[in-house]
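**Student:** return atomic coordinates for the entry below.
(one chain, ligands or ions: 2)
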Amino acid sequence: MMDNNIVKPLPPQSDLETKRVLKRLAAAHRALAELKGFADTMPNKNILINAVTINEAKDSSEIENIITTHDELFKAMSQINYNNPAAKEVVNYRTALWNGYEAVKTKQMLTINMIIEIQQYIEKNRAGIRKLPGTVLKNDATGEVVYTPPSGEIEIMSLLSNLERYINDDYDTLDPLVKLAVIHHQFESIHPFYDGNGRTGRIINVLYLVLKELLDSPILYLSKYIIRNKTAYYRLLQEVRLKGNWEEWILFMIDGVEETAQETLMLVKKINAVVEATAQDILKVLPKIYSRELVDLLFYEFYTKIVYLEDGLRVSRRTAATYLAALEEKGFLTSERIGRERIYLNKRLFEVVQQAGSNK
Ligand SMILES: Nc1ncnc2c1ncn2[C@@H]1O[C@H](COP(=O)(O)OP(=O)(O)OP(=O)(O)O)[C@@H](O)[C@H]1O
Ligand SMILES: [Mg+2]
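**Tutor:** Numbering: from 1, shown residues only. Ligands and ions are numbered 1, 2, ... in the order given. Below is the predicted model of the structure:
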């Protein structure tokens with residue numbers, strides 16, 4: 001009998017680009033290109049990335065049963081001492097994502113060290129690669145052990161080096177979306193950490209799309225799709241191992257890219273629309289304080305503070321306070337006093353993001 005617990009180095013020794021795969025690839029690439037094209041036209045990419053990653057952080061953490069609301073998130077993001085563990089974990093996830101993105105953009109590589117760092121941000125500990133045996137993957141419903149990942153730091157590191165090379169060196173000519181599916185499967189099978197392998201693996205997915213220039217900004221996330229199709233996701237991960245069923249797994253991932261690209265495009269358009277509408281409205285009712293920089297600052301996060309305006313617009317504290325008061329008076333923002341600070345919530349943005357995040 002074949003030992004299903006052995007992880008073989010990449011590349012897989014089978015034909016991955018079957019006819020069905022090739023056919024579906026075309027549609028996924030089209031959807032992805034449309035998303036990339038539209039995102040490229042947005043004047044301030046950080047607004048977009050920030051808004052989209054809030055929901056990704058929330059969804060991805062939810063797979064791990066870390067559940068929180070947008071309201072809690074807003075509070076955790078705006079206050080240093082806010083004490084909601086779930087919301088904090090979601091904020092950590094987003095930090096992990098941002099740092100990973102910056103690293104990939106700068107180095108044009110996705111390395112083992114970056115992956116270790118991402119996991120560290122998520123878990124907020126320095127446990128690193130697994131050293132002790134005993135990690136097993138169970139079927140959530142039955143408790144049955146379905147898979148035992150490799151143990152031993154040397155074995156794990158050697159598989160990770162092999163994966164690192166597969167990610168960065170395109171020595172084969174496979175389509176990057178096919179490789180994405182292979183990479184995700186391999187990473188989850190190596191399961192290098194005690195915890196956080198799922199979330200780290202989901203971040204690797206988007207970073208890989210950026211690395212291969214299928215996207216400029218990290219805005220395509222399969223987490224919501226995985227939540228919706230959780231049973232199939234776990235089953236197919238396992239079927240690659242048990243039956244060599246790469247085809248269904250790859251199709252599953254390609255369909256996820258297509259579906260998610262379409263959904264994200266709708267969200268991106270909504271975000272763009274709300275930014276532009278707000279810009280027009282501010283120009284109309286508060287022409288004296290209007291500037292593009294001001295509008296961008298209001299959309300950078302759900303909320304803003306006096307110091308952000310001071311720094312962003314290089315104005316005095318008093319001027320910044322006057323601007324925010326005027327914006328609140330005209331209904332663009334609602335403020336809340338938290339400790340010694342006043343936080344101004346951008347309701348319009350909050351609502352768009354919240355709405356997109358709630359229709360699973
Ligand atoms: N049979 C399997 N084979 C390979 N990988 C698996 C299997 N079952 C689950 N996994 C992977 O393990 C991940 C869970 O691992 P871990 O608990 O370390 O990560 P997490 O980030 O804490 O959890 P989650 O993914 O649930 O948010 C799953 O998301 C999945 O990708
Ligand atoms: Mg876990």
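
**Student:** C-alpha only now, for contacts and for neighbours.
**Tutor:** OK.

**Student:** need the residues of this protein near ligand 1, please.
**Tutor:** Residues of the chain lying near ligand 1 by Cα under 6 Å from any ligand atom: 61, 63-64, 137, 146-147, 188-189, 194-199, 234, 237-238.

**Student:** need the three-state assignment for the residue of the stretch 201-350 of the chain found nearest ligand 1.
**Tutor:** Closest residue of the stretch 201-350 of the chain to ligand 1, Cα to the nearest ligand atom: residue 238 (4.5 Å). Following DSSP: H, G, I helix; E, B strand; the rest coil, residue 238 is assigned to helix.

**Student:** and it, what does it touch?
**Tutor:** Applying Cα atoms under 8 Å, 6 or more residues apart in numbering to residue 238 gives the contacts residue 146.

**Student:** and it, what pLDDT?
**Tutor:** At residue 238, the predicted lDDT confidence score is 96.

**Student:** what segments of the stretch 1-150 of the chain are helices?
**Tutor:** 19-41, 45-63, 70-78, 85-107, 112-123 (DSSP state H, counting those that start in this stretch).

**Student:** who's in contact with the third one?
**Tutor:** With Cα under 8 Å, 6+ apart as the contact definition, helix 70-78 has outside contacts at 82, 83, 84, 87, 88, 90, 91, 302, 303, 343, 354.

**Student:** quick one: the third one from residue 303, how far?
**Tutor:** Spelled out, that is residue 84. 18 Å (Cα to Cα, to the nearest Å).

**Student:** quick one, which of these two is more surrounded?
**Tutor:** Ranked by neighbour count (other Cα atoms under 10 Å), residue 84 and residue 303 place residue 303 first, with 23 against 13.

**Student:** tell me the buried residues in stretch 171-184?
**Tutor:** Within stretch 171-184, the residues scored as buried using 16 or more other Cα atoms under 10 Å are 176, 177, 178, 179, 180, 181, 182, 183, 184.

**Student:** repeat for stretch 103-118
**Tutor:** 103, 104, 105, 109, 110, 111, 114, 115, 116, 117, 118.

**Student:** end to end, how far does it reach?
**Tutor:** For stretch 103-118, the end-to-end distance is 10 Å (Cα to Cα).

**Student:** tell me the mean pLDDT over that stretch?
**Tutor:** 98.

**Student:** and if you look at stretch 163-178?
**Tutor:** Mean predicted confidence for stretch 163-178 is 95.

**Student:** cool, and stretch 31-42?
**Tutor:** Averaged across stretch 31-42, pLDDT comes to 95.

**Student:** dump it to CSV, keeping only the CA atoms.
**Tutor:** Taking C-alpha atoms only, stretch 31-42 is exported to CSV below (Å, rounded to 0.1, in the frame of the first residue of the first chain):
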residue,chain,number,x,y,z
ALA,A,31,-11.9,37.6,-14.8
LEU,A,32,-8.6,38.2,-13.2
ALA,A,33,-7.4,40.5,-16.0
GLU,A,34,-10.6,42.5,-15.7
LEU,A,35,-10.1,43.0,-12.0
LYS,A,36,-6.5,44.0,-12.5
GLY,A,37,-7.4,46.4,-15.2
PHE,A,38,-10.0,48.1,-13.2
ALA,A,39,-7.9,48.3,-10.0
ASP,A,40,-5.1,49.8,-12.0
THR,A,41,-7.3,52.8,-12.9
MET,A,42,-8.1,53.6,-9.2
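
**Student:** now what about it, what contacts it?
**Tutor:** Contacts of stretch 31-42 (Cα under 8 Å, 6+ apart): 45, 214-217, 257-258, 261-262, 264-265, 268, 272.

**Student:** what do you get for stretch 224-235?
**Tutor:** Stretch 224-235 is contacted by residues 56, 59, 60, 63, 252, 256, 260, 360 when judged by Cα under 8 Å, 6+ apart.

**Student:** how does it look with 6 Å?
**Tutor:** residue 59 (Cα atoms under 6 Å, 6 or more residues apart in numbering).

**Student:** mind listing what's buried along that stretch?
**Tutor:** If you call a residue buried by 16+ other Cα under 10 Å, then stretch 224-235 has these buried ones: 224, 225, 226, 227, 233.

**Student:** just the closest of these to residue 282, please.
**Tutor:** residue 224 (34.2 Å; Cα to Cα).

**Student:** host element of the closest one?
**Tutor:** For residue 224, the host element (DSSP states H and E) is helix 223-228.

**Student:** so how far is that helix off the chain centroid?
**Tutor:** Distance of helix 223-228 from the chain centroid (Cα atoms, centre = their mean, to the nearest Å) equals 12 Å.

**Student:** relative to residue 231, how far out is residue 46?
**Tutor:** Distance from residue 46 to residue 231, by Cα to Cα: 34 Å.

**Student:** and the buried residues of stretch 103-118, which two are the farthest apart?
**Tutor:** Longest span within the buried residues of stretch 103-118, Cα to Cα: 105 and 116, 17.0 Å.

**Student:** show me the contacts of stretch 31-42 that map onto helices.
**Tutor:** The members of the contacts of stretch 31-42 that map onto helices under DSSP state H are 45, 257, 258, 261, 262, 264, 265, 268, 272.

**Student:** who's in contact with the residue nearest the centre of the chain?
**Tutor:** Centroid-nearest residue in the chain: residue 56, 4.8 Å away (criterion: Cα atoms, centre = their mean). Listed by Cα under 6 Å, 6+ apart, residue 56 has no contact partners.

**Student:** burial of the nearest residue to residue 118 once chain neighbours are set aside, as a residue count?
**Tutor:** Among residues not flanking residue 118 along the chain, residue 96 sits closest, at 5.0 Å (Cα to Cα, 6 or more residues apart in numbering). Residue 96 is flanked by 25 other residues according to other Cα under 10 Å.

**Student:** nothing else from me, thank you.
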